[in-house]
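In: sequence plus the predicted model coming up.
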Amino acid sequence: MALTSIISHHLLRHSPTTGVNLHARSEVFAANGKLEDLVYELKSNFIRKSGKSYGRFSSETSEFPFSAWLKEYRAERLGFASFTQKAAEHFKLELEKTECLIDAYVFFVEEKIEAGEFLYVFMAEHLHGSYLDAELALDDSRYLDTQGFALAAKIDLSDWDAGHSATYLSLLRSRGEKELSDAFANLVGFSDKYDIKNDTAQFLQIVDDYAQEMDEQAARVTRTKVVDYCLEQNKAGKAVVIADLSQTLASEIKTHEPEHFSRFVQEKQPEKKAEFIPDSSQIRNYVRISGRNDSLSMSFASECLGKEIVYDAEQDVLTIKNIPPALKAKLLKHMKGE
């Protein structure tokens, strides 16, 4: 991990009738192994969390000045500590428009790796716990919650600099605290939310059209490999790259045309971007059919429909053949018990 700079500032407010107290750190942290472990945990959990929004900076820099300060920092007209202090002060002002209570630390992390340059913003809180000391006496402790945080942002600085991406800013919001989430979104100036669900639905329709031109076995392998690739990219916090996926599919179905799928995508949807952020829930459900109510939960591979599983729409009846052995044994045992 190549941490360029990391700093944290503390925001505190115990009563909605008082102002927010900001304790700003004056210098960046000195890099060490413990700090790298902390950042790794924050990053890893951010990647794993679902429900992120994707977009870009607001063009209204007078109201949302984060991107202007970041640009000054990138141009070396502002130090990292000064840039983050300004950002923390702006967050304080946004919080004071609300009645939110807060006792949290805002981490600003700059990273430069082979894949590009990134800036992360995490808001984490202390948790309280108990432990036994060397004398086996019970004592209290405090530690940073690197898993339960609900507010964070990631800026792909390389994409932002290049100017050709509409999704260089990803934002994690707290689902239960709208005012706090809005204040955090205003801190980074999040704007132009990108509809990843619609983009993913269009992509999966293209995959369906592509698979229809194959025999049954090749179509099944293709759909499964698309799902595997997309979920791997999502888990790693990366976009789905059509050209890379095309090469992966070519190797799996033993064709000699690595660009075959990418050409098909281009023909079907010329405006389709070379890469996109997938909606993981749609990707997971693509090769599975699932549903539940208060008393029943069911999930099965979509390829079973019409074979092991038959649905009669007129009678609204689902017939299941080739029942899994473990389920069959439980059914027989239950019937015998009755």
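Out: Sure, I can see it.
In: now the least confident helix or strand in the chain by mean pLDDT: buried residues?
Out: One helix or strand of the chain scores below all others by mean pLDDT, DSSP states H and E: strand 288-292, with a mean of 76. The neighbour-count check on strand 288-292 (16 or more other CB atoms under 10 Å) flags I289 as buried. Where you see a C-beta, it was placed from the backbone N, CA and C, and this is true even at glycine.
In: list the buried residues for the following helix or strand past that strand?
Out: Scanning forward in sequence from strand 288-292 by DSSP states H and E, the next helix or strand is strand 297-301. Using 16+ other CB under 10 Å as the burial criterion, none of the residues of strand 297-301 qualify.
In: over to stretch 53-71?
Out: Within stretch 53-71, the residues scored as buried using 16+ other CB under 10 Å are 53-58, 64-67, 69-71.
In: just the angle for the least confident helix or strand of the chain relative to strand 297-301, thanks.
Out: Strand 288-292 runs at 180 degrees relative to strand 297-301, counting by axes from the mean of the first three to the mean of the last three CA atoms, to 10 degrees.
In: tell me the strands beside strand 288-292, with direction?
Out: Partners of strand 288-292 in the sheet, by DSSP bridges, are strand 297-301 (antiparallel).
In: quick one: contacts of the partner strand?
Out: The contact list for strand 297-301 (CB atoms under 8 Å, 6 or more residues apart in numbering) reads V287, R288, I289, S290, G291, R292, E308, I309.
In: now swap in stretch 108-118 and tell me
Out: So stretch 108-118 is contacted by 1-8, 39, 42-43, 80, 83-84, 87, 119-122, 154-159, 238 (CB under 8 Å, 6+ apart).
In: could you export it as PDB, CA atoms only?
Out: The C-alpha trace of stretch 108-118 is given here as PDB (Å, rounded to 0.1, in the frame of the first residue of the first chain):
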ATOM      1  CA  PHE A 108      -8.600  11.800   4.600                       C
ATOM      2  CA  VAL A 109      -6.400   9.300   2.900                       C
ATOM      3  CA  GLU A 110      -4.400   9.800  -0.300                       C
ATOM      4  CA  GLU A 111      -3.100   6.700  -2.000                       C
ATOM      5  CA  LYS A 112      -0.900   6.200  -5.100                       C
ATOM      6  CA  ILE A 113      -0.800   2.700  -6.500                       C
ATOM      7  CA  GLU A 114      -0.300   1.100  -9.900                       C
ATOM      8  CA  ALA A 115      -4.000   1.300 -10.700                       C
ATOM      9  CA  GLY A 116      -4.000   5.100 -10.200                       C
ATOM     10  CA  GLU A 117      -4.300   7.800  -7.500                       C
ATOM     11  CA  PHE A 118      -7.100   7.900  -5.100                       C
END
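In: quick check: mean pLDDT of it?
Out: The predicted model gives stretch 108-118 an average pLDDT of 91.
In: next, the buried residues of that stretch.
Out: F108, V109, E110, E111, E117, F118.
In: can you confirm the third one is in a helix?
Out: No. Secondary structure of E110 (DSSP: H, G, I helix; E, B strand; the rest coil): strand, not part of a helix.
In: beta partners for it?
Out: Bridge pairing for E110 - DSSP bridges - gives S5, L119.
In: hang on, the earlier thing: in helices only, show me the contacts of stretch 108-118.
Out: Cross-referencing those against helices under DSSP state H gives V39, L42, K43, F80, F83, T84, A87, L157, S158, D159.
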